[in-house]
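[1] Build the 3D model from these lines:
(2 chains)
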Amino acid sequence: MVGKVIVLTSGKGGVGKTTSAAAIAAGLALRGHRTVVIDFDVGLRNLDLIMGCERRVVFDFINVINGDAKLNQALIKDKRSDNLYIFPTSQTRDKDALKRDGVERVLNELKESFDYIVCDSPAGIEHGAITALYFADSAVIVTNPEVSSVRDSDRIIGILASKSRRAEFNLEPVAVHLLLSRYSPERVRKGEMLTVEDVKEILSIPLLGVIPESESVLKASNTGTPVVFDEESPAGRAYHDAVARFLGEQRELRFLQPERRSFFRALFGRA
Amino acid sequence: MGLLNLLFPERRTSAVIARERLKIVLAHERASRDAPDFLPVLQRELLDVIGRYVEIRGDMIRVNLGRSGDTSLLEINVELDRAAVKPAKNGAAEDGKATAPKIDPGTATPWVKPS
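    Prediction:
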(Lines give C-alpha, C1' and ligand atoms only; values in the text may rest on other atoms or scores of the structure.)
Protein backbone atom coordinates (compact mmCIF):
# COMPACT_ATOMS: atom_id res chain seq x y z
CA MET A 1 0.00 0.00 0.00
CA VAL A 2 1.31 3.43 -0.86
CA GLY A 3 -0.74 6.11 0.86
CA LYS A 4 -1.33 9.57 -0.52
CA VAL A 5 -0.36 12.65 1.46
CA ILE A 6 -2.96 15.44 1.50
CA VAL A 7 -2.14 18.78 3.13
CA LEU A 8 -4.80 21.20 4.36
CA THR A 9 -3.24 24.63 4.16
CA SER A 10 -4.26 28.29 3.82
CA GLY A 11 -1.59 30.76 4.87
CA LYS A 12 -4.14 32.68 6.90
CA GLY A 13 -5.25 31.46 10.32
CA GLY A 14 -8.80 30.90 11.46
CA VAL A 15 -10.22 29.94 8.07
CA GLY A 16 -11.16 26.39 9.09
CA LYS A 17 -8.10 24.24 8.35
CA THR A 18 -8.45 22.01 11.40
CA THR A 19 -12.24 21.71 11.03
CA SER A 20 -11.74 20.79 7.37
CA ALA A 21 -8.88 18.38 8.07
CA ALA A 22 -11.03 16.57 10.65
CA ALA A 23 -14.07 16.54 8.36
CA ILE A 24 -12.22 15.37 5.25
CA ALA A 25 -10.26 12.69 7.13
CA ALA A 26 -13.47 11.40 8.74
CA GLY A 27 -15.26 11.59 5.37
CA LEU A 28 -12.54 9.50 3.70
CA ALA A 29 -12.68 6.97 6.54
CA LEU A 30 -16.48 6.71 6.31
CA ARG A 31 -16.05 5.78 2.65
CA GLY A 32 -13.87 2.87 3.65
CA HIS A 33 -10.40 4.32 3.20
CA ARG A 34 -7.85 3.81 5.93
CA THR A 35 -7.03 7.36 6.96
CA VAL A 36 -4.80 9.06 9.48
CA VAL A 37 -4.99 12.78 10.27
CA ILE A 38 -1.81 14.45 11.56
CA ASP A 39 -1.54 17.71 13.47
CA PHE A 40 1.48 19.72 12.22
CA ASP A 41 0.77 22.72 14.43
CA VAL A 42 3.54 22.12 16.97
CA GLY A 43 2.97 24.04 20.19
CA LEU A 44 -0.68 24.79 19.41
CA ARG A 45 -2.22 21.34 19.43
CA ASN A 46 -5.93 21.49 18.61
CA LEU A 47 -6.79 18.65 16.27
CA ASP A 48 -7.16 16.38 19.33
CA LEU A 49 -9.94 18.63 20.66
CA ILE A 50 -11.73 18.85 17.32
CA MET A 51 -11.52 15.06 16.99
CA GLY A 52 -12.62 14.59 20.61
CA CYS A 53 -9.61 12.52 21.72
CA GLU A 54 -7.76 15.09 23.85
CA ARG A 55 -7.81 12.85 26.93
CA ARG A 56 -6.29 9.92 25.10
CA VAL A 57 -3.07 11.61 23.99
CA VAL A 58 -0.03 9.86 25.47
CA PHE A 59 2.71 10.14 22.87
CA ASP A 60 2.92 12.62 20.01
CA PHE A 61 4.50 13.39 16.63
CA ILE A 62 7.74 14.78 18.12
CA ASN A 63 8.12 11.71 20.43
CA VAL A 64 7.93 9.46 17.37
CA ILE A 65 10.32 11.61 15.33
CA ASN A 66 12.83 11.55 18.18
CA GLY A 67 12.45 7.82 18.59
CA ASP A 68 11.01 8.10 22.11
CA ALA A 69 7.84 6.26 21.07
CA LYS A 70 6.75 3.85 18.38
CA LEU A 71 4.27 5.01 15.77
CA ASN A 72 1.54 2.62 16.96
CA GLN A 73 1.95 3.95 20.52
CA ALA A 74 1.18 7.49 19.36
CA LEU A 75 -1.66 6.80 16.92
CA ILE A 76 -5.11 7.17 18.47
CA LYS A 77 -7.88 5.07 16.99
CA ASP A 78 -11.08 6.99 16.43
CA LYS A 79 -14.06 5.64 18.39
CA ARG A 80 -16.56 6.29 15.58
CA SER A 81 -14.76 4.75 12.62
CA ASP A 82 -12.44 1.74 12.43
CA ASN A 83 -10.64 3.30 9.47
CA LEU A 84 -9.72 6.55 11.20
CA TYR A 85 -6.64 7.36 13.28
CA ILE A 86 -5.48 10.60 14.86
CA PHE A 87 -1.82 11.51 15.21
CA PRO A 88 -1.54 14.39 17.69
CA THR A 89 1.27 16.89 17.74
CA SER A 90 3.32 17.96 20.71
CA GLN A 91 2.84 21.02 22.90
CA THR A 92 6.58 21.81 22.92
CA ARG A 93 7.53 25.41 22.32
CA ASP A 94 10.40 24.36 20.07
CA LYS A 95 8.79 24.99 16.69
CA ASP A 96 11.81 23.60 14.83
CA ALA A 97 11.36 20.20 16.44
CA LEU A 98 9.77 18.99 13.20
CA LYS A 99 12.90 17.96 11.33
CA ARG A 100 12.29 17.29 7.68
CA ASP A 101 14.08 13.92 7.54
CA GLY A 102 12.25 12.78 10.67
CA VAL A 103 8.90 13.79 9.18
CA GLU A 104 9.76 11.98 5.95
CA ARG A 105 10.60 8.79 7.86
CA VAL A 106 7.30 8.89 9.77
CA LEU A 107 5.26 9.66 6.64
CA ASN A 108 6.90 6.80 4.76
CA GLU A 109 6.02 4.44 7.58
CA LEU A 110 2.40 5.69 7.58
CA LYS A 111 2.17 5.28 3.80
CA GLU A 112 2.64 1.55 4.25
CA SER A 113 -0.55 1.10 6.29
CA PHE A 114 -2.83 3.99 5.28
CA ASP A 115 -4.57 5.01 2.06
CA TYR A 116 -4.66 8.69 3.00
CA ILE A 117 -2.48 10.76 5.28
CA VAL A 118 -4.22 14.07 5.96
CA CYS A 119 -1.87 16.79 7.24
CA ASP A 120 -3.34 19.71 9.16
CA SER A 121 -0.92 22.59 8.56
CA PRO A 122 -0.31 25.47 10.95
CA ALA A 123 -1.12 28.98 9.69
CA GLY A 124 1.60 31.18 8.24
CA ILE A 125 4.47 30.41 5.89
CA GLU A 126 7.09 29.57 8.51
CA HIS A 127 8.92 26.31 9.15
CA GLY A 128 5.89 24.33 10.38
CA ALA A 129 3.68 25.26 7.43
CA ILE A 130 6.45 24.58 4.91
CA THR A 131 7.19 21.19 6.53
CA ALA A 132 3.48 20.30 6.41
CA LEU A 133 3.18 21.00 2.68
CA TYR A 134 6.64 19.79 1.61
CA PHE A 135 5.75 16.10 1.22
CA ALA A 136 2.22 16.64 -0.14
CA ASP A 137 0.83 14.76 -3.14
CA SER A 138 -2.36 16.83 -3.03
CA ALA A 139 -3.20 20.08 -1.33
CA VAL A 140 -6.55 21.43 -0.20
CA ILE A 141 -6.38 25.22 0.01
CA VAL A 142 -8.90 26.29 2.63
CA THR A 143 -10.08 29.79 1.74
CA ASN A 144 -12.74 32.14 3.07
CA PRO A 145 -14.50 34.50 0.64
CA GLU A 146 -12.61 37.45 2.06
CA VAL A 147 -9.70 39.51 0.65
CA SER A 148 -6.91 38.62 3.08
CA SER A 149 -7.70 34.91 2.97
CA VAL A 150 -7.75 34.87 -0.85
CA ARG A 151 -4.45 36.74 -1.02
CA ASP A 152 -2.77 34.36 1.45
CA SER A 153 -4.14 31.37 -0.46
CA ASP A 154 -2.55 32.72 -3.62
CA ARG A 155 0.75 33.00 -1.77
CA ILE A 156 0.52 29.42 -0.49
CA ILE A 157 -0.33 28.14 -3.99
CA GLY A 158 2.87 29.83 -5.19
CA ILE A 159 4.88 28.18 -2.40
CA LEU A 160 3.44 24.73 -3.25
CA ALA A 161 4.51 25.26 -6.85
CA SER A 162 8.07 26.23 -5.92
CA LYS A 163 9.04 24.82 -2.51
CA SER A 164 7.34 21.44 -2.25
CA ARG A 165 9.27 18.20 -2.68
CA ARG A 166 7.46 17.59 -5.97
CA ALA A 167 8.63 21.01 -7.22
CA GLU A 168 12.21 20.49 -6.02
CA PHE A 169 12.55 17.13 -7.71
CA ASN A 170 10.69 18.14 -10.88
CA LEU A 171 7.97 15.54 -10.27
CA GLU A 172 4.35 15.91 -11.26
CA PRO A 173 3.16 19.06 -9.44
CA VAL A 174 1.13 18.86 -6.22
CA ALA A 175 -2.58 18.53 -7.14
CA VAL A 176 -4.08 21.72 -5.72
CA HIS A 177 -7.78 22.04 -4.81
CA LEU A 178 -9.83 24.96 -3.56
CA LEU A 179 -12.12 24.48 -0.57
CA LEU A 180 -14.17 27.61 -0.01
CA SER A 181 -15.40 27.67 3.56
CA ARG A 182 -17.63 29.92 5.67
CA TYR A 183 -19.61 30.81 2.58
CA SER A 184 -22.76 32.80 3.20
CA PRO A 185 -25.17 32.68 0.22
CA GLU A 186 -27.30 35.37 1.81
CA ARG A 187 -24.41 37.84 2.02
CA VAL A 188 -23.31 36.93 -1.51
CA ARG A 189 -26.82 37.73 -2.72
CA LYS A 190 -26.61 41.16 -1.08
CA GLY A 191 -23.24 41.83 -2.74
CA GLU A 192 -21.43 41.79 0.60
CA MET A 193 -19.28 38.74 -0.06
CA LEU A 194 -17.09 37.48 -2.93
CA THR A 195 -18.90 34.83 -4.96
CA VAL A 196 -17.64 31.27 -5.61
CA GLU A 197 -16.97 32.31 -9.20
CA ASP A 198 -14.94 35.34 -8.07
CA VAL A 199 -12.64 33.27 -5.87
CA LYS A 200 -12.35 30.49 -8.45
CA GLU A 201 -11.45 32.96 -11.16
CA ILE A 202 -8.91 34.84 -9.03
CA LEU A 203 -7.09 31.76 -7.71
CA SER A 204 -7.67 29.70 -10.90
CA ILE A 205 -7.46 26.28 -9.28
CA PRO A 206 -10.13 23.56 -9.42
CA LEU A 207 -12.92 23.81 -6.87
CA LEU A 208 -13.29 20.89 -4.47
CA GLY A 209 -16.24 22.24 -2.55
CA VAL A 210 -18.06 25.12 -0.94
CA ILE A 211 -18.82 24.82 2.78
CA PRO A 212 -21.65 27.07 3.89
CA GLU A 213 -21.28 29.08 7.09
CA SER A 214 -23.17 26.88 9.50
CA GLU A 215 -23.98 26.78 13.18
CA SER A 216 -23.34 23.06 13.17
CA VAL A 217 -19.56 23.65 12.83
CA LEU A 218 -19.31 25.26 16.26
CA LYS A 219 -21.60 22.61 17.70
CA ALA A 220 -19.33 19.93 16.23
CA SER A 221 -16.19 21.46 17.74
CA ASN A 222 -17.94 21.93 21.10
CA THR A 223 -18.52 18.20 21.29
CA GLY A 224 -15.35 17.03 19.55
CA THR A 225 -17.18 15.38 16.66
CA PRO A 226 -16.06 16.02 13.06
CA VAL A 227 -18.97 17.79 11.37
CA VAL A 228 -19.43 15.02 8.75
CA PHE A 229 -20.97 12.85 11.47
CA ASP A 230 -23.87 15.36 11.67
CA GLU A 231 -26.22 14.11 8.97
CA GLU A 232 -28.51 17.12 9.35
CA SER A 233 -25.81 19.73 8.90
CA PRO A 234 -25.43 21.51 5.53
CA ALA A 235 -21.71 21.96 6.27
CA GLY A 236 -21.37 18.24 7.03
CA ARG A 237 -23.11 17.29 3.78
CA ALA A 238 -20.98 19.81 1.86
CA TYR A 239 -17.85 18.14 3.27
CA HIS A 240 -19.18 14.72 2.19
CA ASP A 241 -19.62 16.14 -1.33
CA ALA A 242 -16.08 17.54 -1.27
CA VAL A 243 -14.68 14.14 -0.25
CA ALA A 244 -16.65 12.45 -3.03
CA ARG A 245 -15.24 14.92 -5.57
CA PHE A 246 -11.75 14.37 -4.20
CA LEU A 247 -12.22 10.67 -4.93
CA GLY A 248 -13.22 11.49 -8.50
CA GLU A 249 -17.02 11.55 -8.33
CA GLN A 250 -19.04 14.22 -10.10
CA ARG A 251 -21.32 16.08 -7.72
CA GLU A 252 -23.33 19.24 -8.19
CA LEU A 253 -22.53 22.12 -5.84
CA ARG A 254 -25.16 22.54 -3.13
CA PHE A 255 -26.02 25.17 -0.53
CA LEU A 256 -25.18 28.11 -2.80
CA GLN A 257 -28.64 29.65 -2.57
CA PRO A 258 -29.92 31.50 0.49
CA GLU A 259 -32.12 29.26 2.61
CA ARG A 260 -35.74 30.12 2.26
CA ARG A 261 -37.15 31.20 5.59
CA SER A 262 -40.62 29.94 6.13
CA PHE A 263 -43.31 32.36 7.16
CA PHE A 264 -43.59 30.85 10.62
CA ARG A 265 -39.86 30.80 11.21
CA ALA A 266 -39.63 34.44 10.16
CA LEU A 267 -42.55 35.22 12.43
CA PHE A 268 -40.96 33.62 15.46
CA GLY A 269 -37.50 34.96 14.67
CA ARG A 270 -35.75 31.62 14.38
CA ALA A 271 -32.99 31.39 11.81
CA MET B 1 -26.10 40.52 -23.20
CA GLY B 2 -24.01 43.59 -24.04
CA LEU B 3 -27.12 45.75 -24.17
CA LEU B 4 -28.29 44.32 -20.86
CA ASN B 5 -24.96 45.13 -19.26
CA LEU B 6 -25.22 48.63 -20.66
CA LEU B 7 -28.71 49.12 -19.31
CA PHE B 8 -28.03 47.50 -15.95
CA PRO B 9 -24.36 48.03 -15.09
CA GLU B 10 -23.00 45.87 -12.27
CA ARG B 11 -23.66 47.52 -8.94
CA ARG B 12 -20.47 48.68 -7.19
CA THR B 13 -21.14 46.50 -4.19
CA SER B 14 -18.40 45.92 -1.63
CA ALA B 15 -17.91 42.42 -3.09
CA VAL B 16 -17.22 43.92 -6.53
CA ILE B 17 -14.68 46.31 -4.98
CA ALA B 18 -13.05 43.37 -3.14
CA ARG B 19 -12.74 41.43 -6.39
CA GLU B 20 -11.13 44.34 -8.23
CA ARG B 21 -8.68 45.12 -5.43
CA LEU B 22 -7.66 41.47 -5.21
CA LYS B 23 -7.09 41.20 -8.95
CA ILE B 24 -4.80 44.21 -8.95
CA VAL B 25 -2.76 43.32 -5.87
CA LEU B 26 -2.35 39.68 -6.93
CA ALA B 27 -1.23 40.66 -10.44
CA HIS B 28 1.58 42.69 -8.83
CA GLU B 29 2.53 40.02 -6.33
CA ARG B 30 2.56 37.21 -8.89
CA ALA B 31 4.78 39.26 -11.21
CA SER B 32 7.37 39.86 -8.50
CA ARG B 33 7.12 36.25 -7.28
CA ASP B 34 7.85 34.87 -10.75
CA ALA B 35 10.70 37.33 -11.33
CA PRO B 36 14.12 35.75 -11.91
CA ASP B 37 16.45 35.67 -8.91
CA PHE B 38 19.10 37.91 -10.46
CA LEU B 39 16.92 41.03 -10.49
CA PRO B 40 17.61 42.11 -6.89
CA VAL B 41 21.35 41.56 -7.41
CA LEU B 42 21.30 43.46 -10.69
CA GLN B 43 19.45 46.28 -8.96
CA ARG B 44 22.07 46.41 -6.17
CA GLU B 45 24.99 46.42 -8.58
CA LEU B 46 23.43 49.12 -10.75
CA LEU B 47 22.90 51.14 -7.59
CA ASP B 48 26.60 50.76 -6.73
CA VAL B 49 27.75 51.88 -10.16
CA ILE B 50 25.38 54.82 -10.49
CA GLY B 51 26.08 55.76 -6.88
CA ARG B 52 29.74 56.39 -7.75
CA TYR B 53 28.69 59.33 -9.91
CA VAL B 54 25.47 60.66 -8.52
CA GLU B 55 23.75 60.64 -5.18
CA ILE B 56 21.11 57.92 -5.28
CA ARG B 57 19.00 55.97 -2.82
CA GLY B 58 17.81 52.38 -3.11
CA ASP B 59 14.23 53.38 -3.76
CA MET B 60 15.21 55.55 -6.73
CA ILE B 61 15.98 52.63 -9.00
CA ARG B 62 13.47 50.07 -10.25
CA VAL B 63 14.32 47.00 -12.29
CA ASN B 64 11.56 44.98 -13.90
CA LEU B 65 11.49 42.10 -16.30
CA GLY B 66 8.35 42.44 -18.34
CA ARG B 67 6.96 41.09 -21.54
CA SER B 68 5.78 42.91 -24.61
CA GLY B 69 4.32 40.56 -27.19
CA ASP B 70 7.02 38.02 -27.99
CA THR B 71 9.93 39.96 -26.56
CA SER B 72 11.10 40.11 -22.99
CA LEU B 73 11.65 43.61 -21.79
CA LEU B 74 14.20 44.54 -19.12
CA GLU B 75 13.02 47.84 -17.83
CA ILE B 76 15.33 49.95 -15.67
CA ASN B 77 14.03 53.18 -14.22
CA VAL B 78 16.44 55.50 -12.44
CA GLU B 79 15.06 58.52 -10.76
CA LEU B 80 17.60 61.24 -10.09
CA ASP B 81 17.10 63.79 -7.40
CA ARG B 82 17.96 66.97 -9.35
CA ALA B 83 21.12 65.17 -10.53
CA ALA B 84 23.03 65.65 -7.33
CA VAL B 85 26.44 64.84 -8.74
CA LYS B 86 29.09 63.62 -6.35
CA PRO B 87 32.43 65.36 -6.25
CA ALA B 88 34.84 63.56 -8.59
CA LYS B 89 37.20 62.57 -5.78
CA ASN B 90 34.69 60.11 -4.37
CA GLY B 91 34.04 58.39 -7.65
CA ALA B 92 35.67 55.96 -10.00
CA ALA B 93 36.53 58.91 -12.20
CA GLU B 94 39.38 59.61 -9.79
CA ASP B 95 41.99 57.81 -11.88
CA GLY B 96 41.41 60.23 -14.73
CA LYS B 97 40.59 57.56 -17.31
CA ALA B 98 36.87 57.66 -16.86
CA THR B 99 35.54 61.12 -17.43
CA ALA B 100 33.29 62.45 -14.79
CA PRO B 101 30.88 65.11 -15.96
CA LYS B 102 32.33 68.58 -15.64
CA ILE B 103 30.34 70.59 -13.21
CA ASP B 104 30.73 74.27 -12.61
CA PRO B 105 31.44 74.43 -8.87
CA GLY B 106 29.31 77.53 -8.70
CA THR B 107 26.12 75.86 -9.89
CA ALA B 108 26.56 72.26 -8.78
CA THR B 109 24.33 71.15 -5.96
CA PRO B 110 26.56 70.33 -3.01
CA TRP B 111 26.62 66.67 -2.18
CA VAL B 112 24.71 66.11 1.02
CA LYS B 113 24.94 62.79 2.74
CA PRO B 114 21.48 61.22 2.80
CA SER B 115 19.77 61.06 6.15
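[2] And the helix ranked longest in chain B, what's buried?
    If you go by DSSP state H, chain B has its longest helix at helix B:14-33. Buried residues in helix B:14-33, counted by 16 or more other C-beta atoms under 10 Å in any protein chain shown: B:A15, B:A18, B:R19, B:L22, B:L26. To be clear about C-beta, it is placed using only N, CA and C from the backbone, and glycine gets the same treatment.
[3] can you pull out the strands in chain B?
    B:61-68, B:71-78 (DSSP state E).
[4] rewinding a little: quick one: list the elements packing against the longest helix of chain B.
    In terms of contacts (3 or more C-beta pairs under 8 Å, 6 or more residues apart in numbering or on different chains; DSSP states H and E), helix B:14-33 is packed against helix A:147-163, helix A:196-203.
[5] Identify the residue spatially nearest to the residue of chain A found nearest chain B, adjacent ones excluded.
    Closest residue of chain A to chain B, C-beta to the nearest C-beta: A:G191 (2.8 Å). Once flanking residues are discounted, A:G191 sits nearest to B:T13: 2.8 Å by C-beta to C-beta, 6 or more residues apart in numbering or on different chains.
[6] Quick one: residues contacting that neighbour.
    B:T13 sits next to A:K190, A:G191, A:E192 when contact means C-beta atoms under 8 Å, 6 or more residues apart in numbering or on different chains.
[7] Buried deepest among the helices and strands packed on helix B:14-33, which one?
    Most buried of the helices and strands packed on helix B:14-33, by mean neighbour count (mean count of other C-beta atoms under 10 Å in any protein chain shown): helix A:147-163, with a mean of 20.
[8] residues in contact with A:N222?
    Contacts of A:N222 (C-beta under 8 Å, 6+ apart): none.
[9] cutoff 10 Å now
    A:L49 (C-beta atoms under 10 Å, 6 or more residues apart in numbering or on different chains).
[10] So it, which state does it fall into?
    helix (DSSP: H, G, I helix; E, B strand; the rest coil).
[11] ok, whichever residue of chain B sits closest to chain A to A:P185 distance?
    Nearest residue of chain B to chain A (C-beta to the nearest C-beta) works out as B:T13 at 2.8 Å. Look at B:T13 and A:P185: by C-beta to C-beta, to the nearest Å, they are 15 Å apart.
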